[in-house]
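S.K.: Have a look; sequence and predicted model below, questions after that.
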Amino acid sequence: MAIVLVEQYFDFAFGLADQIVVLQRGKIIENASKKQCKREAILASVSV
C-alpha cells in the first residue's frame, strides 16, 4: 500500500515516511529510502 503525504514540515514527514521524494519547483531533487537519504543534505539543498 502506498500513501502520498504532501507536507511542508520536513521533520514531521521524515518521521513518518519510509521513502522520501523531495520536489522543488516541480522537479525531483531527492528520491531515496529514508535510510539512504541524509536529512541535513536535503534541508541544505531546498530553498524557500
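M.R.: On my side now, so go ahead. Nothing here was measured: the structure is a model prediction, and the numbers come from that model. Residues are numbered from 1 along each chain as shown.

S.K.: Report pLDDT for Val46.
M.R.: Val46 carries a pLDDT value of 69.

S.K.: I meant to write Asn31 there.
M.R.: Asn31 carries a pLDDT value of 85.

S.K.: Tell me how many other residues surround it.
M.R.: Using other Cβ atoms under 10 Å, Asn31 has 12 other residues around it. Backbone N, C-alpha and C define where each C-beta goes, glycine included.

S.K.: did I read that right, it in a strand?
M.R.: Yes: counting by DSSP: H, G, I helix; E, B strand; the rest coil, Asn31 is part of a strand.

S.K.: Distance of it relative to Ala17?
M.R.: With distances taken as Cβ to Cβ, to the nearest Å, Asn31 is found 12 Å from Ala17.

S.K.: Can you show me the helices along this protein?
M.R.: For the chain, applying DSSP state H gives helices covering 10-16, 39-45.

S.K.: Please identify the buried residues of the first one?
M.R.: With burial defined by 16 or more other Cβ atoms under 10 Å, not one residue of helix 10-16 is counted as buried.
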